[in-house]
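Asker: structure, please.
(4 chains, ligands or ions: 2)
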Amino acid sequence: MSKARTELDAVPGSAPHVELRLLSQPRYLCGARDAVSSIARRFGFDEQTSGQLALAVDEALCNVIRHGYQEAPDRPIWLRIWPLEDETVAGVAGGIRIVIEDEARQVEPDLIKSRDLADVRPGGLGVHIIKQIMSAAKFEKRSGPQGGMRLIMTKVLDTKPESAGERRPALAKTKG
Amino acid sequence: MSKARTELDAVPGSAPHVELRLLSQPRYLCGARDAVSSIARRFGFDEQTSGQLALAVDEALCNVIRHGYQEAPDRPIWLRIWPLEDETVAGVAGGIRIVIEDEARQVEPDLIKSRDLADVRPGGLGVHIIKQIMSAAKFEKRSGPQGGMRLIMTKVLDTKPESAGERRPALAKTKG
Amino acid sequence: MALQVTIEIKGAIVVVGPVGDVDLNCSREFQGHLKKVLESRPARVIVDLAKVPYMDSSGVATLVEAMQIARRTSTKLVLCGMQDKVRSIFEIARLDRVFTIVPDMATAGA
Amino acid sequence: MALQVTIEIKGAIVVVGPVGDVDLNCSREFQGHLKKVLESRPARVIVDLAKVPYMDSSGVATLVEAMQIARRTSTKLVLCGMQDKVRSIFEIARLDRVFTIVPDMATAGA
Ligand SMILES: Nc1ncnc2c1ncn2[C@@H]1O[C@H](COP(=O)(O)OP(=O)(O)O)[C@@H](O)[C@H]1O
Ligand SMILES: Nc1ncnc2c1ncn2[C@@H]1O[C@H](COP(=O)(O)OP(=O)(O)O)[C@@H](O)[C@H]1O
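Answerer: Ligands and ions are numbered 1, 2, ... in the order given. Model prediction:
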C-alpha cells in the first residue's frame, strides 16, 4: 500500500479513480473505448494518443472475450483506471494506468503474443498493437480462488513529442 | 429476483450489464457521458436521444458531486446500466435502465426538484432536465449502513417517432 | 483542466469563443472569462458556441448569470453558432426564447 | 447490431462502403458482405472507408482475409478514404504497405 512506486507495470495500491465492469459482449466495447479515450484526453493526452489508448483497450477486451471466455456473453470483465499523478514513478510527469482483469481460464503469460508481422494472415495482431501503443504492458495470472488473468498497461505522458516509430529507451526494459 | 417487472422505476434483479464506479471529480463526467451515449446507440437509440441520455446522466452526477458530496473529490459514485430487453416491462419493446447511487447524506426525495422554469436565474435546471429526457426518473434513499441516495432512470425506445414536446401518455403516471 | 477560450475585441464588440465541452469541469473557468469581459462594459458581447459540442446545466447557468449582468450594464448579449446538441438543452430549459440566439457571427452583428 | 454497408456495382467494379465503427461487434457481418462481393469475381473491389471512424484488429483481419481471397481470384482490392485513426492501426500492424491504399475514390479507379 506504499504510495511511491517506481515500476510502470505494477498495480497501484490506491483505489482506482474509475472502474468499469462489463459483461463479455462485443456491443459494450464501444462504451469502454469512448470512456477511456475521453478520460485520457482529460489526463492530458492528445486526440491521436487518446484514440490509440482506446484501441489498445479494445484489443485487450476482445482477447478476453474471444480467448479467455470463448465468446460466452455473460462473464465479467473489469477495467480500472488511475492517473499516474497519484504515484511517484521515476522520471514520469503524468500518464494513465489501465488494469484489465477477468475470471477466465489462466494461460502462461509468455504464451500471449502476436504472430510474426512479416507472416501476413488474418488475426494475430492484438497483443502487438497493445505493446506498440503502451509504454508498458504486462500479463499475469491473478492469484485467488476465482483465477483469471490480469493485464497491466501504462502510458506515460510525453512532454516532448517523439516520432511514432521511436521508443523511449528508458522504458524498453519494462516492456513484457 | 423475479425476472418479470412491470414498473419503469424499479431496480432490476439481475446483474447490471455495465457498471461504472467513479470518484466524485468533474473531470470524470466526460467518461461517463461518452460511455452512456455509445451504449445507448448500441441499444438502438438515435444519435440525438443518446446525447440527451448522456446529458441526463451528467446532470445527475453533477448533483451528486455538488449537493451530495459538497464537491469532495474522493467519494464513490456508481452508475449501472441494463438493457430493457432483459425484463418484461408492460408494452415496452426495448430501452435502457440507468441507476446512479452514492454514499452521500440522505435527503427527502420530495425535496429534489428544480426551480420554476419561469423564474429565470442561474442554476436550478438539472432535475427538470433529467425528468424531461427520461421516461421515468425516481429518487430514493438507499437502505443499508452506508446510507446514500439512488436515482432510477429509464428511457424506453420509441418505435414510432414523436414530436419533442409530446410525452407518451402511458408513461406519465410513472413519472416522479 | 483548462478550457480554451478565444477572446476577440472589435471596438465595442467582444467575441468570446469557448472551445470544447462546457461542463462542471470548466464552467467556473468559463464564468471567470465572461465576467471579466462584461466588466469592461462593451456594447455587445457575442458568445460564439460553434466550437462547443456539449454543454450541461452548469454551462447554461454561467450564461444565465452573464445575461443578468449584461442587462444591468446595458450590454447586448448574443449567442451564436449553437450546435443542435447544445440547442437541445436550451429548449428543454425553455431558455431558447430568453436568450438572443442567432445562427452565425454575421447575424450576431460581429 | 447491424452494420450498415452500401454496395455499388459499376460494371466490373464493386464499391463496398461500411458506415460506422468496424469492431468485434460487427466484423463478422462485414466479412460476410466482403466474401459475397468477392464470390462474383469482379475485376476490382474498392473498399471505401471514408465513413469508418474506427476499426480494430478484427476489422483488419477481415480485410486481410479479403485480400487473400482477391489474390487467388485475380481481383484487385483497393482501400480508399481511410481516416487517420484507422490508418494508424494499419501502420502499427505494418500492413500499410501490404494493402493498396489510395486517398480517394477517383484514385481508386472508381
Ligand atoms: N486474454 C487472453 N487470454 C488468453 N489468451 C490470450 C489472451 N489474449 C491473447 N491471448 C493469446 O495470445 C494470442 C495472440 O493474441 P493476438 O495478438 O491478439 O492475436 P489473435 O487474438 O488474433 O490470435 C492469442 O491467439 C491467444 O492465444
Ligand atoms: N443528488 C442529490 N443529493 C441531494 N440533493 C439533491 C441532489 N440532486 C438534487 N438535489 C436537490 O435538488 C435541487 C434541484 O437540483 P437541480 O434541479 O439540479 O438544480 P441545482 O442543482 O442547480 O440547484 C438542488 O438544489 C438540491 O437541493
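Asker: C:Ala70 sits in which helix or strand?
Answerer: Applying DSSP states H and E as the criterion places C:Ala70 in helix C:57-72.
Asker: what element comes up after that helix heading to the C-terminus?
Answerer: That would be, after helix C:57-72 and using DSSP H and E, strand C:76-80.
Asker: could you point out which element follows that next one?
Answerer: Downstream of strand C:76-80 (by DSSP H and E), the next one is helix C:84-92.
Asker: which strands and helices sit next to that next one?
Answerer: helix B:47-63, helix B:126-133, helix C:57-72 (3 or more C-beta pairs under 8 Å, 6 or more residues apart in numbering or on different chains; DSSP states H and E). Where C-beta positions appear, they are placed from N, C-alpha and C, glycine not excepted.
Asker: helix/strand/coil for A:Gln106?
Answerer: Recorded secondary structure, A:Gln106: coil (DSSP: H, G, I helix; E, B strand; the rest coil).
Asker: wait, it sits on A:Lys141?
Answerer: Yes - counting by C-beta atoms under 8 Å, A:Lys141 is a contact partner of A:Gln106 at 4.7 Å.
Asker: do any residues in stretch C:12-28 lie close to chain B?
Answerer: Yes - applying C-beta under 8 Å from any C-beta of the partner chain, one finds stretch C:12-28 in contact with chain B at C:Asp21, C:Asp23, C:Leu24, C:Asn25.
Asker: go through the helix holding C:Ala70 and flag the buried ones.
Answerer: In terms of neighbour count (16 or more other C-beta atoms under 10 Å in any protein chain shown), helix C:57-72 has its buried residues at C:57-67, C:69-70.
Asker: contact residues of chain A facing chain B?
Answerer: A:15-23, A:25, A:27-28, A:30-39, A:41-42.
Asker: filter those down to the ones in strands?
Answerer: A:Val18, A:Glu19, A:Leu20, A:Arg21, A:Leu22, A:Leu23 (DSSP state E).
Asker: can you tell me which residue is spatially central in chain A?
Answerer: For chain A, the residue nearest the mean C-alpha position is A:Met153 (3.5 Å; C-alpha atoms, centre = their mean).
Asker: what about it, which SS state?
Answerer: Classification of A:Met153 using three-state DSSP returns strand.
Asker: hang on, it packs against A:Gly95?
Answerer: No - if you go by C-beta under 8 Å, A:Met153 and A:Gly95 don't touch, sitting 10.5 Å apart.
Asker: circling back to that earlier point, right, and the helices and strands packed on helix C:84-92 - which one's nearest ligand 2?
Answerer: Ligand 2 lies closest to helix B:126-133 among the helices and strands packed on helix C:84-92, at 2.3 Å (C-beta to the nearest ligand atom).
Asker: excluding chain neighbours, what is closest to C:Val86?
Answerer: Computed as C-beta to C-beta, 6 or more residues apart in numbering or on different chains, the closest residue to C:Val86 that is not its neighbour in sequence is C:Met55, at 4.8 Å.
Asker: next, count neighbours for the one you found.
Answerer: By the measure other C-beta atoms under 10 Å in any protein chain shown, the count of residues near C:Met55 is 27.
Asker: how about it, what does it touch?
Answerer: By C-beta atoms under 8 Å, 6 or more residues apart in numbering or on different chains, the contact set of C:Met55 is C:Asp21, C:Val22, C:Asp23, C:Leu49, C:Val86, C:Ile89.
Asker: now the residue nearest the centre of chain C: phi and psi?
Answerer: Residue closest to the average C-alpha location in chain C (C-alpha atoms, centre = their mean): C:Val47, at 3.6 Å. Dihedral pair for C:Val47: phi -100, psi 110, per degrees, to the nearest 10.
Asker: the residue in chain A positioned nearest to ligand 2 bridge partners, please.
Answerer: Taking C-beta to the nearest ligand atom, ligand 2 has its nearest neighbour within chain A at A:Val18, 19.3 Å off. As for beta bridges, A:Val18 partners with A:Ile81, B:Leu22 under DSSP bridges.
Asker: my read: it touches A:Ile39, true?
Answerer: Yes - in this structure, A:Val18 is within contact of A:Ile39 by C-beta under 8 Å, at 6.3 Å.
Asker: picking that back up, which one of the buried residues of helix C:57-72 is nearest D:Ala43?
Answerer: Distance to D:Ala43 across these (C-beta to C-beta) is lowest for C:Gly59, with 54.4 Å.
Asker: OK, contacts around the closest residue to chain D within chain C?
Answerer: Of all residues in chain C, C:Pro53 sits closest to chain D, at 14.6 Å by C-beta to the nearest C-beta. Contacts for C:Pro53 were tallied using C-beta under 8 Å, 6+ apart; they are C:Gly20, C:Asp21, C:Gln83, C:Lys85, C:Val86.
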